[in-house]
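>>> Any chance you could fold what I've pasted below:
(chains A and B)
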Amino acid sequence: MSNTQHQFCTFYVDDLFLGINVQQVQEVIRYQEMTRVPLAPPAVRGLINLRGQIVTAIDLRCWLGMPKRNPDQLPMNVIVRDGGNAVSLLVDRIGDVIEVNDEFFEPPPSTVQASLRGLIQGAYKLSDELLLLLDTGRALAECDSRGVPNSRIAS
Amino acid sequence: MEMLDEIVSEFLVESYESLDQLDRDLMALEESPDDRDRMSSIFRTIHTIKGTSGFLAFPHLEKVAHVGESLLVPLRDGELSLNNEITDGLLGMVDAIRGILAQVETDGTEGDEEFAALIARLEELRCPSVTQPAAPAAAEPIVEQPEAKPKAAKKTPARKKSSAKSAATTTKTTRRSTKKAAPAASVADESPDEIPETEVSESIDSADAQENKIPEPPVVSKSRAVAAPVVAVKKTNEASLAAADAGNEQQSSLADSSVRLDVSLLDKLMNLVGELVLSRNQILQFAQNSEDAAMIATSQRLNLITTELQAGVMKTRMQPIRNAWSKLPRVVRDLSISCGKQVQVVMEGAETELDKTILEAIKDPLTHIVRNSVDHGIEPADVRKANGKPAQGTLWLRAYHEGGQVNIEIADDGGGIGLDRVREKAIEKGLVTAEQAAAMSDHESTQLILLPGFSTAAKVTNVSGRGVGMDVVKTNVEKIGGTLEIQTRPGQGTTLRIKIPLTLAIIPALIVSTDGERYAIPQVSLLELVRLEGEQVTTGIEYVHGAPVYRLRGKLLPLVYLSHALGTHCSADSREQCEYRDDSNNGWDVDFVMARSKHLAWKGRLRAYLDGRETMSLDEAVSPRACSLGKWLYDEGMRDFGHLPQVVQLERLHADMHAAVGKVIQHNEQGDKAGAEKHLLDVESLSHHTVAILDELKQTAEGNGAINIVVLRANDREYGLVVDRVNDSAEIVVKPLSRQLKGLSEYAGTTIMGDGRVALILDVMGLAVASGLTADLRNSDHTGIAKDITATTTETQTLLVVDLGDTRQFALPTSMVARLEKVSSTAVEMTDNREVIQYRGKILPIVRLANVFGAYGSQIEEPHELQIIVYSEQNHSCGFAVNQILDIVETKLNLTEDDGQHSDKLLGTTVIHDRVTDVLNLCSLARY
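Residues are numbered from 1 along each chain as shown, chains lettered A, B, ... in the order given. Predicted structure coming up:
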C-alpha cells in the first residue's frame, strides 16, 4: 500500500459519516427550492437551477434506504460532477474537508447491509470514527437504471 | 503528432465538402457538357485532393485521385467529351475517395483496398481504343478571347466601388462574356480571371461548401472579384500552374472571409445566450419595479443587446437547407438509372435556413422519402407516355418558412399512392381489419403507409419495399418536433410535407400549472384552449367506457388529466393540495366574497367609530384576530387556504392594517390630529390592498372551479389535456433532461422560468402514449361526430351504411356509434330470452336488426362472425348486429318522414348511392 494522501469532502446522512473525493465535488450549497419531477424515481427529489444549469437532486437518505428526513430539517446540496453534467446529492449535514492516508483504507466489511454495500467503496479508519467512501459513479448509474421501471409502476 | 492529426482532420473536412461539390458539378456537367467553368472547378478539386494526399502520404488515395485527374485532363482540353460512362467512372472515383477518407477518419490509415478495377476502368476511359473526335467546342476561334478579357477588366473598377449587391449582378454579366471566350481557351490560356468568377457566380454553391459559414455571398464575391484582376495580371501565362494556383487563391480568399468553428463551441455559446436571456428577463422584472431612471435605461439597453445577440448566435447555427439537399440529385440520378426511369430534380427555396441540428436530423428522412418517390412514385417512361405525361418525371424539393416553422415539401408527378392497394396491404399485413379499412377516409388510408411494417411495393428491390422506412421517417421527424403530412392524387403525384421548427434551442411554449407545479407545452403541438365554466364544469365532460371525453364542436375529444397522467393528484408530496381539492370544490369564491363584504362592513363601522358615531370594542379595532374578517381568516381561512401565497400576504397586510388602526387611535388619544390623519391614510391604503387580494383570491378560486382543456395534437391525433391553470405563453430555452430522468417519456426537457425556477417541458406525444391514448384514438374518427341529429338535419352528416342481409339498405348516423366490433357468433350467450355478449367486462345486450326489421327475401344463414355496432347512451349500452358494413358516407340528410310500420325505429328515409335508405333511430331501437 502506498502512502498517498487523499482529500475528502465529508458529510453526514442520518448516522452515516460519508465522504467523496474533493476532486469530484463542484461545490456545496445550502438548501435550494426544487421543482418536483412527477413519475421520477423516488430518490430524485427535484430539479435545481444552479446558475442556469439544471441539476437533478438525489436524496441520499432515500437512496441508501434510510428513514425520511424530518420535514423541518433542510438538506444541504453537495454538487458532484457526473460527466459533463452536475448532480446534487442531498445530505443532512456537511463535515470538513479532511485529508486521509490510504493506509487506513479497507474494503467494506461483509456485515454492512446489502443495500449500502454496493454504494460504498470502502471505509477509512479515522481515529474517532469511520469514514465511508461513497461510490458516486456507481450510485448515479444505479439511479439511472432504477429510474425507469420504478417510474412506470408509479404511473 | 497532434499537429499532424489536426492537418489530417482539416483535410478530411475540406475534402468531404469538395466531394459534395464534385457530385453536384458532375451532375450539372452531365446536363451541359460544354460548361468549361465547371470542368475546371472539378479538375481543381481533384488536383487539390491529389496534392494534399501526396503530402500527407496516402498513396492509394493519391493514386485514385491521380488517375481521375488524368482522365479529367483530356476532358478539360476538349479532347474527350463527357458521356454517361465517363460520368459514372468519375462518380465511382468520387465514391472511392470518399471511402478512403472514411477509412482515414476511423483509424487514420487509408486501408488496404487499392481500387485496381476502378483505376483500370478510368485508364480505359481515358484512352479508349477508338480515339474520340475532338469536341466541337475546341474548334471555336481563339480570336474572341482578347475581346472578352478587356471586358472583364473594364468592369473591374466599377465592381470595386459598387455595393456588394451590384457587384454580384455585374459579375453575372461578366461571366456571360467569359463564357463565350471559354470554349476557345486552351489549357495554356485557362485564364485565371475566369476561375474566381466561376466561383462568384456560383458563390452560393461554393460558400456552401464551407462549413459553419454565415452565408454572405455578396461579400464573399466582392472580395474575390477584387482579387481576380490581380491574379490575372500576374499569372496569365503561367499556364499549367494557373489552375492549381487559382485554386489556392480561392481558398485563401475564402479563408479571409469565413472561420471554421467547432459546433460544440456554437452550442456552448447558444447555451450561454440562453442563460443571458433568462437573466435579462429577471433584470427586466426588477427594473419594472424600480424608479431609478439609470437602472431602467440600462436594463432596456441590455434588453436590446441581448435580443440582438440571441438572434446573431442563432444565426451562426443556421444553414441553408441546400446542405441537406445537395446529395439528393446524386441519389435520384443513381436510382433512376437503376430503375430505368427518367427523373429530374427541381429545387425551390434551397436558401431557406434551418438550425444545424435539425438539418442533420432530416437528412436521412429526406433521402428516404426521395428514394421512395423515385422508386414507387414516378412511373417508367413508357407508362408515363401512355398516360400522357412527359417521359421525364419531376421531383420537386421545396422549402419555405411559414409561421415560425419551416415547411419542406417533396413532391413528384408520379402515379400517386394507390389507396385501394394500401388498404389491401394493410389488411393483409394485419395492421387493420377489413371493416376498419372499409370505414377509412382517403386521408386515413394515406396515413396507413406510416405504420410500422408497411410496404406496398410489389417486389422488394434493393431500394425500398422491405417495409421499414416511412414509420422511421415519421419517428425521426417527430423526434425533432416536426410533423409529416401526405397528400396524394391518383395519377397526378404525391406530396409529402414536413413541418419542422426553425430551431430546437429556444421555442415558444405555453405554460400551464397543475398541482402547484408549472409545465411548459411546446406551442407546435398546441391547437386551442378550451375553458369550461359554470354549468359546463359538471356537464361538459362525458365518459365513454370510463374514459373522459369532451365534445369539441361536435367531435369527441379524448381527455387526459395532467394530474392523473403524472400521478401528482395523490402523491405524497402533494397530499396537501389533494386534500384541499377534495373538500373545496366550487365553493371557494363564496368564501372570499363573504370575507370581502365582512371587511368592508367592518371598515364602515371603523370610520364611524373613529368619528365617534358608533361604538366598537378596542379589540375589534386593533386586534387582527378580533374583527370579523380576522375571525374567519385565522380559523377557516388559514385552515383551508393557508397554502395559497395570497392568503399569507393577506394575513400580513391585515395585521399591518390593524396595527395602523392602533396608531390612529393612539394619536387620536394624544390629540395629534395630523399624526392620526397620516396613519389613517395607511389604514385606507392597507385596507384597499386587502380588498384587492380578496378579489384576486376570488378570481383564483373561480379559476380553480373551471376546467381548462389544452387541445393538443400528437401524431395526427388530437386530445385534450386538462390542467389546473393556463398561465402564459413564453419563449423558453430548452435544456435536456438529466440522465437520471431520460427514461421518462412524459417529458421532453427542462427549462428555467423567468423567476429562476425550473419547469419541466411536457412531451405531448409521450403523454398521450403513457396515458394509453393512441390506441383508443385510432377509433376516434369512427366514434365521430356527436351531433344532435334533429338539430342538424340540414348539415352534413356522416352516415354508416349497413346491410341487414336482404335487398334493403340502412344507414345510421356515426354520431350514435360508440364503436364497431366483430365478435364470433359463438360468443353470443342467452340470458332471460335475450342475446348478450361479454364485452369489456360488461354484459352487452345484442339486438339483431335483421330480426327487428324482418328480413325479406333471401335466407339469412348464421354467419361465423357478427358485425356489432356498439351504441351507448348514459349508462346504457347496446349492440346492434348487422350483416355487413357497406360504407361511410358524408351526406346532407334530407329525411322523408316514414309512417310505415317501423316509423318509431326510423328517423326517416333518404337516398344514398342512388338507393333508398332507411335511417335508423338507435335511441328507440336500444329500448327495443
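>>> So which residues of chain A form helices?
Along chain A, counting by DSSP state H, helices occupy A:60-63, A:114-117, A:136-154.
>>> now do the stretch 451-600 of chain B
Per DSSP state H, counting those that start in this stretch, the stretch 451-600 of chain B carries helices over the ranges B:470-479, B:536-539, B:562-565, B:575-584, B:588-610.
>>> next helix or strand past the last one?
If I follow you right, that is helix B:588-610. For helix B:588-610, the following helix or strand on the C-terminal side (DSSP states H and E) is helix B:618-622.
>>> helices and strands around that next one, which ones?
helix B:588-610, helix B:645-669 (3 or more CB pairs under 8 Å, 6 or more residues apart in numbering or on different chains; DSSP states H and E). From N, CA and C alone the C-beta is placed, and that goes for glycine too.
>>> If we use 10 Å, what do you get?
Counting contacts by 3 or more CB pairs under 10 Å, 6 or more residues apart in numbering or on different chains; DSSP states H and E, helix B:618-622 packs against helix B:588-610, helix B:628-632, helix B:645-669.
>>> and of those, who's closest to chain A?
The closest of the helices and strands packed on helix B:618-622 to chain A is helix B:645-669. By CB to the nearest CB, the value is 13.2 Å.
>>> May I see the buried residues of that closest one?
B:646-647, B:650-651, B:653-665, B:667-668 (16 or more other CB atoms under 10 Å in any protein chain shown).
>>> From residue A:16, how far out is the closest residue to residue A:135 other than its chain neighbours?
In space, and not counting its chain neighbours, residue A:135 is closest to residue A:121: 4.7 Å by CB to CB, 6 or more residues apart in numbering or on different chains. Using CB to CB, to the nearest Å, residue A:121 is found at 14 Å from residue A:16.
>>> residues shared between the contacts of these two?
Shared contacts of residue A:121 and residue A:16, defined by CB atoms under 10 Å, 6 or more residues apart in numbering or on different chains, comprise A:132, A:134.
>>> hang on, the earlier thing: how near is the residue nearest to residue A:135 to residue A:85?
Distance of residue A:121 to residue A:85, computed by CB to CB: 22 Å.
>>> next one: residue B:760
Distance, residue B:760 to residue A:85, using CB to CB: 17 Å.
>>> Who has more neighbours out of those two?
Legend: neighbour count by other CB atoms under 10 Å in any protein chain shown for residue B:760 and residue A:85, higher for residue B:760 (25 against 16).
>>> pretty sure residue B:753 contacts residue B:730?
Yes - the pair residue B:753 / residue B:730 is scored as a contact, 7.5 Å apart, by CB atoms under 10 Å.
>>> between those two, who's got more neighbours?
Between residue B:753 and residue B:730, residue B:753 has the larger neighbour count (other CB under 10 Å), namely 20 against 17.
>>> OK, contacts around that one?
Taking CB under 10 Å, 6+ apart as the criterion, residue B:753 is in contact with A:35, A:49, B:278, B:281-282, B:511, B:518, B:520, B:727-728, B:730, B:732, B:759.
>>> Next one: it, what pLDDT does it get?
Here, the pLDDT recorded for residue B:753 equals 80.
>>> Can you name the residue of the stretch 601-750 of chain B nearest to chain A?
residue B:743 (3.5 Å).
>>> For that residue, what are phi and psi?
phi -70, psi -10 (degrees, to the nearest 10).
>>> what about residue B:720, which helix or strand?
In the assignment (DSSP H and E), residue B:720 maps to strand B:717-723.
>>> Listing partners with orientation, what would you give for that strand?
strand B:555-561 (parallel), strand B:707-714 (antiparallel) (DSSP bridges).
>>> Who does residue B:400 form a beta bridge with?
residue B:407.
>>> which ones are touching it?
Contacts here follow CB under 10 Å, 6+ apart; on that basis residue B:400 touches B:321, B:348, B:349, B:352, B:406, B:407, B:408, B:409.
>>> Report the contact partners of the fourth one.
Counting by CB under 10 Å, 6+ apart, residue B:352 makes contact with B:318-322, B:398-401, B:406-408, B:502.
>>> separation between it and chain A?
Note on residue B:352: its distance to chain A, by CB to the nearest CB, to the nearest Å, is 32 Å.
>>> Pop out the phi and psi values for residue 83.
Let's take chain A. phi 60, psi -130.
>>> switch to chain B, that's the one I care about
Torsion angles, degrees, to the nearest 10, at residue B:83: phi -130, psi 180.
>>> Strands along chain A, start to end?
A:5-13, A:16-21, A:25-29, A:44-50, A:53-59, A:76-82, A:85-91, A:93-101, A:105-106, A:120-125, A:130-134 (DSSP state E).
>>> Direction included, what does the second one pair up with?
Strand partners for strand A:16-21, identified by DSSP bridges, are recorded as strand A:5-13 (antiparallel), strand A:130-134 (parallel).
>>> just those strands: most buried one?
Among the strands paired with strand A:16-21, strand A:130-134 has the highest mean neighbour count (mean count of other CB atoms under 10 Å in any protein chain shown), at a mean of 21.
>>> now that strand, how far from the chain's geometric center?
Chain-centre distance of strand A:130-134: 11 Å, with CA atoms, centre = their mean, to the nearest Å.
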